[in-house]
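Engineer: sequence first, predicted model second:
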Amino acid sequence: MLARTVTHALVGLDARRVEVEAHLGSGIPGFAIVGLADRACQEAKHRVRSGIASAELEWPVRRRITVNLAPAELRKEGSGFDLPIALSILAASGQIPRERLDDHAAVGELGLDGSLRPVGGVIALAEAARRAGLPRILCAERSCAEAALAEIEPVPVRHLSEAAAYLRGERDPEPWVEPNGHRDEKPALDLADLRGQERARRALEIAAAGGHNLLLAGPPGTGKTMLARRLPGILPPLSTAEALEVTRIHSVAGMLAADRPLVTDRPLRSPHYNASVAALVGGGPGPKPGEVSLAHRGVLVLDEFAEFQRPALEALRQPLEDGFVSIARVGGRAVFPARFQLVAAMNLCPCGARGDPAADCKCSPQRLSAFRDKLSRALLDRFDLVVAMPRPRASELAAPPGEGSDPVCHRVAAARERLDAVRAEWTKEATELLDRAVERLPLSGRGRARARRVAETVAALACEPAVGAEHLGEALAYRSPTELGPA
Amino acid sequence: MSDLALAAFAAETNRHLVRKPRGDPVFRAFARTFDEAAYLGRLRENGVTWLPRTDPEFPPLLDAIHDPPPGLFLRGSAGSEALRRPTVAVVGARACSPYGAQVARLLGKELGAAGIVVVSGLARGVDGEAHRGALEAAGTTVAVLGCGIDRDYPAAHAELGARVRASGLVVSEYAPGVEPAPWRFPARNRVIAGLAAVTVVVEARERSGALITADLALEEGREVFAVPGEITSALSLGTNELLRLGAAPLLSSADVLELFGLTAQQPEAVDLTSTADAVLARLRDGPTSADELVRSTGLDAGVLASALTELELAGRAVAAGGVYRAN
């Protein structure tokens, strides 16, 4: 009276094999789930019982039912164990053939009416199933396209009774919708919407070409946010491997659209400034990816940068440096990739009037220095490009719209190829200029390294084989201004 | 009973004293037990020297004011002779505009390069910029504190204070341990005005501490300059009012240097590219953002950025909040 179904449990982005064993024994009738199951998992009892009844299958009354989720030391979370628990009980009670469960993985949440609901992270679970040599996975119909991305055959299940009928060999699986059957048109955010702001546009292009982090500083209403949101539009499209990486993270976060499971556009994340450390870098008892991971291979926009809590800002430093977040928990360690490009926007002072000729800044020197102290040197060092955006005059806003995103995107792609292909040489003039700049400007060792990196990108954008003085000169114009402390 | 005892007593009782309180039994008791040698020893350990007014080294200009301090505490690598060299005070608003910061820095630099000692109050804004300018030119600069000689005030300028001490002097009439208090700053300003032959007010609101310095300088018959500002700016109300009252307008550092029989050093001639020259010509019409320059010069944003960096490195332009000014 024992049956077993294979499923998987998420540990960060990876999935570990979990065997769901059901045993029907004699004794006082009851139903127990053991094996370090969390609350959502324990509640499966009620859903499974109602689901089996609703599917007009038989609940083994007068039997003592024990369900074990093995290995017992691994913490199990969420509602995805409902289906494997139900199938194990049905097999143990002889309602479906036990051996059919040996070549199927199963995942999904049951409704009280026996219907099957999708859960997050199916692509990771399906991939683990394929690696474990299981040819098919039983999952909700809406999860099928996602599971198929892991190159495993999904079996769509709309209702528990369907699953039972299929496993008994009474019916064939239904066809499911192919992933990404239709593509959305390009997002409407185009650089042509912006008027003026030539310097900031240029900086955005350099940031896109070199993968530099960009800080935009200026009074409110100068188009900082508008500009930041247009960065994904000028980045080259995701490669297939990158798209799968991104999809996996978004799947684990439960954020995939059913009709377009494969994320093909670079993600753009813009959390509000009250975001906690865990919301930004990830966390929770069973670690979930944070905004930095959701922005993996894409852009993280932090508007009102100086308003973020200091611990949240400091927590950004490690992923910015390493490209991943590692979260340690009692049950193990989860590693989430976080290779994102950061665009931050902020005012030049707490009241926001600084940089605006029409307004008078009322900030006291103490308030101003507290505002600046919030941005640690170490954090500002992560921005290769800093652009002060003063308020444009009325005449500028009446200027014709600027260049659209498409030509910029082409230049960016060409520059990226160039940067990948050859290591830039430095002309004598450029090296001399760099020495002079270190001497004359407040430019630290890190500031110097940043200027070097940006100059190489500028040269690549200009399709020049060597970095000239004019390229370095431009790069130096985007150094951190003295308003934000010495570079 | 020495002047040092008086300074120590003032610190102890948190008072401002310039002469001995006659008939005060508390002071008499204090002076009787005061161990001058031990006190001087402690000062020396902390790198502080005491320059009493009775010392022939005491700056004669400061000695000439009507309520000179009993002496000065000095801290820094320059000797007390620095206080007797030609000295100019550069003072102004703490919350200054980019224009005020630029002028203060430029004045500090040009006066410092010409060998003038630049005196100011180590405060934020104009004061700090004047010190920085002088340091940039490797000139001597003196910071006068309104608190005990051992204090870093304001805290944000602790590093600047250390740089001033490294090549110049930090001075105070107050003994170690005296807390900064608002009422002490006008007294500090009289020391700034007293040390300097000439006082320049860079930017001041209608009721600014810098105006107190200017008034004190005028009372002592010293030369006072004011830097003209925009009539629409609240930060220029004080300086423009000074001009109306007869202060001399400062149009360049040469105006001050002339009084000392000095001429301004010509800025080192740097060959500018023709693009940079064209941009500089535009900047001379007034402060301009990079984006406006793109439109008025017709240059590409990248080329323009490069030209602006060239001007900055040559010391011909400065940037603040994304707005560039000719220097």
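Structural biologist: Arrived safely. Numbering: from 1, shown residues only, chains lettered A, B, ... in the order given.
Engineer: from now on I want contacts and neighbour counts done on CA atoms only, so please keep to that.
Structural biologist: Noted.
Engineer: flag the shaky bits of the chain, pLDDT-wise.
Structural biologist: As the question left the chain open, I've gone with chain A. Low-confidence segments of chain A (pLDDT under 70): A:177-188, A:330-331, A:357, A:482-487.
Engineer: wait, I meant chain B there
Structural biologist: The model of chain B has pLDDT under 70 over residues B:1, B:267-268.
Engineer: would you map the helices across it?
Structural biologist: B:3-13, B:25-33, B:36-45, B:60-63, B:98-113, B:126-136, B:158-167, B:184-195, B:209-219, B:237-244, B:253-259, B:274-283, B:290-297, B:301-313 (DSSP state H).
Engineer: what's the most buried one of the ones you listed?
Structural biologist: helix B:126-136 (a mean of 27; mean count of other C-alpha atoms under 10 Å in any protein chain shown).
Engineer: measure how it sits relative to helix B:209-219, angle-wise.
Structural biologist: The directions of helix B:126-136 and helix B:209-219 differ by 70 degrees, with axes from the mean of the first three to the mean of the last three C-alpha atoms, to 10 degrees as the criterion.
Engineer: so what touches helix B:126-136?
Structural biologist: With contact meaning C-alpha atoms under 8 Å, 6 or more residues apart in numbering or on different chains, helix B:126-136 is reached by B:90-94, B:96, B:100-102, B:104-113, B:118-122, B:140-143, B:157, B:160, B:163-164, B:202-203.
Engineer: for the stretch 151-300 of chain A, which residues are neighbours of chain B?
Structural biologist: Counting by C-alpha under 8 Å from any C-alpha of the partner chain, the stretch 151-300 of chain A comes close to chain B at A:G196, A:Q197, A:E198, A:R199, A:R202, A:G218.
Engineer: farthest pair in these?
Structural biologist: Farthest-apart pair in those is A:R202 and A:G218; separation 16.2 Å (C-alpha to C-alpha).
Engineer: please look at A:P220 and A:N347 and confirm they touch.
Structural biologist: Yes: assessed by C-alpha atoms under 8 Å, A:P220 is found in contact with A:N347 at 6.7 Å.
Engineer: surely A:L316 meets A:G282?
Structural biologist: No: if you go by C-alpha under 8 Å, A:L316 and A:G282 don't touch, sitting 10.8 Å apart.
Engineer: higher neighbour count, the two?
Structural biologist: The neighbour comparison of A:L316 against A:G282 (other C-alpha atoms under 10 Å in any protein chain shown) goes to A:G282, with 23 against 18.
Engineer: grab the nearest non-local neighbour of that one.
Structural biologist: A:G290 (3.5 Å; C-alpha to C-alpha, 6 or more residues apart in numbering or on different chains).
Engineer: now do the contacts for the one you found.
Structural biologist: A:A278, A:A279, A:L280, A:V281, A:G282, A:G283.
Engineer: by neighbours, which of these wins?
Structural biologist: When neighbours are taken as other C-alpha under 10 Å, the top entry among those is A:V281 (25 neighbours).
Engineer: quick check: the most centrally placed residue in chain A vs A:G332, distance?
Structural biologist: Residue closest to the mean C-alpha point of chain A, counted by C-alpha atoms, centre = their mean, is A:L294 at 1.3 Å. From A:L294 across to A:G332, the span is 21 Å (C-alpha to C-alpha, to the nearest Å).
Engineer: domain map for the chain?
Structural biologist: Let's take chain A. A:2-167, A:191-393, A:422-487 (automatic domain parsing).
Engineer: my question was about chain B
Structural biologist: Per automatic domain parsing, the structural domains of chain B span B:80-259, B:274-326.
Engineer: okay, which residue is most central for chain B?
Structural biologist: Nearest to the mean C-alpha position of chain B, by C-alpha atoms, centre = their mean, lies B:S120 at 1.9 Å.
Engineer: residues in a beta bridge with that one, which ones?
Structural biologist: Beta bridges link B:S120 to B:A143, judged by DSSP bridges.
Engineer: which residues touch it?
Structural biologist: Contacts of B:S120 (C-alpha under 8 Å, 6+ apart): B:A89, B:V90, B:V91, B:D127, B:G128, B:A130, B:H131, B:T141, B:V142, B:A143, B:V144, B:I192.
Engineer: max pairwise distance over the residues you listed: which two?
Structural biologist: The most distant members of these, if one measures by C-alpha to C-alpha, are B:G128 and B:I192, lying 14.2 Å apart.
Engineer: thinking B:A305 is in contact with A:H471, fair?
Structural biologist: No: using C-alpha under 8 Å as the test, B:A305 is too far from A:H471 to be in contact (9.4 Å).
Engineer: show me what the longest strand along chain A is packed up against.
Structural biologist: For chain A, the longest strand by residue count, based on DSSP state E, is strand A:14-25. Under the contact criterion of 3 or more C-alpha pairs under 8 Å, 6 or more residues apart in numbering or on different chains; DSSP states H and E, strand A:14-25 touches strand A:2-11, strand A:64-70, helix A:82-92, helix A:122-131.
Engineer: buried residues in the next helix or strand after the last one?
Structural biologist: Counting by DSSP states H and E, the element after helix A:122-131 in chain order, helix or strand, is strand A:136-140. For strand A:136-140, burial by neighbour count (16 or more other C-alpha atoms under 10 Å in any protein chain shown) applies to A:R136, A:I137, A:L138, A:C139, A:A140.
Engineer: what do you get for stretch A:88-107?
Structural biologist: For stretch A:88-107, the neighbour count (16+ other C-alpha under 10 Å) marks A:88-93, A:95-98, A:101, A:104-107 as buried.
Engineer: that's all I had, so thanks and see you.
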